[in-house]
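K.L.:
Here's my sequence, what's the structure:
(one chain, ligands or ions: 1)
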Amino acid sequence: VFCLIVTIDGPAGSGKSSTAREVARRTGFNHLDTGAMYRGITVAAIEAGISPEEHSKLTKLLSSITLSFANEDGKTVLYLNDRNVSTEIRSRETSKNVSAYSAIAEVRAAMTQLQQELAHAADTVCEGRDMGTVVFPHAELKFFMVASLEERAKRRLQDLHTETISFDEMAREIAQRDTLDSTRAEAPLLEPADAYRLDTTDLTFEEQVAYIIRKIEHSK
Ligand code: C5P
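P.N.:
This next block holds a predicted model:
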């Protein structure tokens, strides 16, 4: 079966997730949130007491756990084995640690394979950091979403309902995560040469979604 793959990459808080979710809803595509997968691995590793330096323990952990998405009440949730970890993966602790675990080659190899399997089952909007460059270099349609740091910190603050953190702290943590994700050796955050660049700083949510859907319709 030939499946259409749309990739959306970009830094933290650029609007990838919410946009990808809505584009998928309107087009009937699946939505693959690969950041959630790296966050799931991070939760599993922290709970197992494995630090990012312990590569062989991480490899063992990777082969002993299962990450899967499920649909519950119209929402996509992430399961780590038989436990719904959708809340844990969004915690500040997870956000602070995820870049260290996702820089590891063994972690990326396992996630890349799983992502390719998941996306080849249906038309999919794949969202992350290396979708258009490494995981799906031949995707039909690629996007790179960016926004100012200020705007991204503002959006992430609105996402975090349960934890208190100042605007400056949030901006600092996002900038730090971007630096780690962009400078790592393995599959760094890079703008694909053949991607449409979408600066969402001054766009409304509806404009972002409409732009991508228009391109999908043109490519059919
Ligand atoms: O997209 P989100 O902010 O949830 O991603 C969390 C983290 O997962 C990123 O900061 C990055 O370290 C990692 N990630 C990655 N490759 C992807 C998606 C996410 O390394 N394709």
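K.L.:
Now do the strands in this protein.
P.N.:
Listed in chain order, the strands found in the chain under DSSP state E are 5-9, 30-33, 67-72, 75-80, 83-84, 124-128, 141-146, 196-199.
K.L.:
what's the closest of the ones you listed to the ligand?
P.N.:
Evaluated over the strands of the chain, closeness to the ligand peaks at strand 124-128, with 2.4 Å, by C-beta to the nearest ligand atom. To be clear about C-beta, it is placed using only N, CA and C from the backbone, and glycine gets the same treatment.
K.L.:
Now do that closest one and strand 141-146, the angle between them.
P.N.:
30 degrees (axes from the mean of the first three to the mean of the last three C-alpha atoms, to 10 degrees).
K.L.:
got a list of contacts for strand 124-128?
P.N.:
3-9, 16-17, 20, 23-24, 27, 29-35, 115, 118-119, 135-136, 139 (C-beta atoms under 8 Å, 6 or more residues apart in numbering).
K.L.:
Same list, the strands of the chain, but as CSV with distance to the ligand please.
P.N.:
Converted to CSV, the strands of the chain look like this (distance: least, C-beta to the nearest ligand atom, whole Å):
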stretch, distance to the ligand
strand 5-9, 7
strand 30-33, 7
strand 67-72, 13
strand 75-80, 11
strand 83-84, 17
strand 124-128, 2
strand 141-146, 11
strand 196-199, 16
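K.L.:
Adding mean pLDDT and mean neighbour count, write those strands out as TSV.
P.N.:
What follows is the strands of the chain, written out as TSV (pLDDT from 0 to 100; neighbours: other C-beta atoms under 10 Å):
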stretch	mean pLDDT	mean neighbour count
strand 5-9	98	27
strand 30-33	96	21
strand 67-72	96	14
strand 75-80	96	16
strand 83-84	98	12
strand 124-128	98	27
strand 141-146	98	23
strand 196-199	97	16
